[in-house]
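Undergrad: Predicted coordinates and the sequence they were generated for:
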Amino acid sequence: MSTQKVFSVTGMTCQSCIKNIERNVGKIDGVKSVQVSLDEKEARVEFDSGKTSEQAVIEKINGLGFQAQEK
């Protein structure tokens, strides 16, 4: 089942941060799309909830050195 969630992300400072999050979250099995906005300080992630979870996305973003939480 496809689910879309929005996560607040703090600690981003540039386009490189955005690309880093998009590339790494996009590698999670079940993630279909990732759109990160520096201006809005958020990440919109569409994923298959049968393969991954909100918590997996949060842990991946946090593991990259940012702070994420579900909006």
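TA: That came in fine, so what should we check first?
Undergrad: List of residues touching the top helix by length along the chain?
TA: If you go by DSSP state H, the chain has its longest helix at helix 15-26. If you take C-beta atoms under 8 Å, 6 or more residues apart in numbering as the criterion, helix 15-26 is touched by 9, 11-12, 31, 33-38, 43, 45, 57, 60-61, 64, 66. C-betas here are computed from N, CA, C, even on glycine.
Undergrad: now do stretch 33-53
TA: Stretch 33-53 has contacts (C-beta under 8 Å, 6+ apart) with 1-10, 12-15, 17-18, 21-22, 25-26, 28-32, 57, 61, 68, 71.
Undergrad: that older thread, now the longest helix of the chain - C-alpha only, CSV.
TA: What follows is helix 15-26 as a C-alpha-only set of coordinates in CSV (Å, rounded to 0.1, in the frame of the first residue of the first chain):
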residue,chain,number,x,y,z
GLN,A,15,21.5,21.8,-2.0
SER,A,16,24.1,19.2,-1.2
CYS,A,17,22.1,18.4,2.0
ILE,A,18,19.0,17.9,-0.1
LYS,A,19,20.7,15.6,-2.6
ASN,A,20,22.3,13.6,0.3
ILE,A,21,18.8,13.0,1.9
GLU,A,22,17.1,12.3,-1.4
ARG,A,23,19.8,9.9,-2.6
ASN,A,24,20.0,7.9,0.7
VAL,A,25,16.3,7.8,1.6
GLY,A,26,15.6,6.8,-2.0
